[in-house]
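how would this look folded up:
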Amino acid sequence: MGIQDAYNKLMYQLFERYDDREAANIADWVVEHITGFKRIDRIINKKFPLTNEQQQLLNTYTNELLQHKPVQYVLHEAWFAGMQLYVDENVLIPRPETEELVAWIVNDVTNAAFPVTTLLDVGTGSGCIPVAVKRKLPQVAVHALDVSEGALHVAESNAQTFKTPVTFYTLNILDDALWHTLPSFDIIVSNPPYIKQSEQLEMRRNVLLHEPHLALFVPDNDPLLFYKSIAAFGLTHLNKNGWLFFEINETLGNEVKALLASAGYTNIELRKDMQGKDRMVKAVFTW
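Sure, this is the predicted structure:
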């Protein structure tokens with residue numbers, strides 16, 4: 001089978017599960033992963049034959065994709081902030097809006113009037129936030145924690161791949177009895193679980209079937225569960241004038257702001273993402 005025929009076959013099969021544009025993009029990604037040929041190379045070398053091994057890989061990947069498995073998990077790769085990260089079903093697939101959160105942090109640290117030297121990422125998952133921050137801000141000592149051992153294995157692998165020293169901890173941030181084991185920081189950042197259980201009905205099957213629910217969902221009756229805990233943690237573990245950054249549920253921006261204000265944080269800023277949705281919050285702990 002020629003490389004262009006392989007691409008076309010995969011794309012047409014994916015039309016059963018995805019819209020035309022997404023199917024074409026996934027087919028491009030898979031064929032490039034298998035053959036090393038980018039789109040322009042494939043067009044120039046349409047009849048270049050796949051090896052038997054490559055055809056077997058294509059069949060395996062196709063079957064997984066048709067079972068709603070996200071392409072990032074099929075290929076074990078996801079792009080984030082210019083990096084090709086390893087991902088598996090222990091971690092969420094990094095999202096573009098989280099890149100915007102990282103960009104906000106990097107910009108504020110770069111332009112800070114005082115040295116910012118330490119950062120903690122709570123619920124690190126794939127490690128996308130600490131690895132990206134460390135690459136952009138090598139002078140910052142970066143730490144990260146997660147309750148999931150599987151997630152930490154993924155995060156540690158990504159940190160090693162990109163030669164970004166990160167100190168990792170296995171810890172449940174909801175367990176305040178363990179907080180004393182951590183040092184203090186200039187920045188605490190988190191993209192915690194924030195999707196209400198009732199919102200599952202609105203989500204795509206590939207997310208519900210494959211992404212870790214531990215990292216996605218919170219109870220409907222306590223949607224700010226993690227924000228409350230991390231805000232309280234910050235009161236004892238942020239240095240003076242330290243910053244707290246959150247990614248948030250787009251429907252809970254005002255509630256998160258009110259929570260932070262009642263906890264004693266100041267200079268609270270709510271930002272929209274590129275889609276115009278309330279997605280990020282920054283607050284300052286002034287003591």
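
any weak-confidence spans in the stretch 101-250 of the chain?
Low-confidence segments of the stretch 101-250 of the chain (pLDDT under 70): 201, 208.

redo that, cut-off 90
Scanning the stretch 101-250 of the chain for pLDDT under 90 picks out 193-223.

can you give me the helices for the stretch 51-200 of the chain?
Along the stretch 51-200 of the chain, counting by DSSP state H, counting those that start in this stretch, helices occupy 52-66, 71-75, 96-110, 128-136, 149-161.

Return the list of helices and strands in contact with the shortest one.
Using 3 or more Cβ pairs under 8 Å, 6 or more residues apart in numbering; DSSP states H and E as the contact test, the elements touching helix 71-75 are helix 20-35, helix 52-66. Bear in mind the C-beta positions are built from the backbone N, C-alpha and C, glycine included.

I'd like those helices as JSON lines, with mean neighbour count appended.
Output for the helices and strands packed on helix 71-75, formatted as JSON lines (neighbours: other Cβ atoms under 10 Å):
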{"stretch": "helix 20-35", "mean neighbour count": "18"}
{"stretch": "helix 52-66", "mean neighbour count": "15"}
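
Go through those and name the closest to Asn111.
For Asn111, the closest of these is helix 20-35, at 35.5 Å, according to Cβ to Cβ.

How about residues contacting that closest one?
Defining contact as Cβ atoms under 8 Å, 6 or more residues apart in numbering, one finds that helix 20-35 is touched by 3, 6-7, 10-11, 14-15, 17-18, 37-39, 42, 48, 50, 54, 57-58, 61, 65, 71, 74-75, 77.

Please pick the buried ones from these.
Buried members of the contacts of helix 20-35, counted by 16 or more other Cβ atoms under 10 Å: 3, 6-7, 10-11, 14, 18, 37, 42, 50, 54, 57-58, 61, 65, 71, 74-75.

Quickly list the domain ranges of this structure.
3-67, 78-285 (automatic domain parsing).

Could I get the full set of strands for the protein?
78-80, 83-85, 118-122, 141-146, 166-170, 185-190, 195-196, 217-218, 238-247, 266-272, 278-285 (DSSP state E).

Next, format those as a markdown table and append mean neighbour count.
Output for the strands of the chain, formatted as a markdown table (neighbours: other Cβ under 10 Å):
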| stretch | mean neighbour count |
| --- | --- |
| strand 78-80 | 20 |
| strand 83-85 | 18 |
| strand 118-122 | 26 |
| strand 141-146 | 24 |
| strand 166-170 | 17 |
| strand 185-190 | 25 |
| strand 195-196 | 18 |
| strand 217-218 | 18 |
| strand 238-247 | 21 |
| strand 266-272 | 14 |
| strand 278-285 | 22 |
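
Next one: the most centrally placed residue in the chain from Asn25, what distance?
By Cα atoms, centre = their mean, the chain has its centre lying nearest to Pro94, at 2.9 Å. Separation of Pro94 from Asn25 (Cβ to Cβ, to the nearest Å): 17 Å.

ok, back up a step: would you mind giving the strands of the chain as a markdown table with distance to Leu152 added?
A markdown table is the format used below for the strands of the chain (distance: least, Cβ to Cβ, whole Å):
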| stretch | distance to Leu152 |
| --- | --- |
| strand 78-80 | 17 |
| strand 83-85 | 14 |
| strand 118-122 | 12 |
| strand 141-146 | 5 |
| strand 166-170 | 6 |
| strand 185-190 | 15 |
| strand 195-196 | 22 |
| strand 217-218 | 20 |
| strand 238-247 | 20 |
| strand 266-272 | 29 |
| strand 278-285 | 24 |
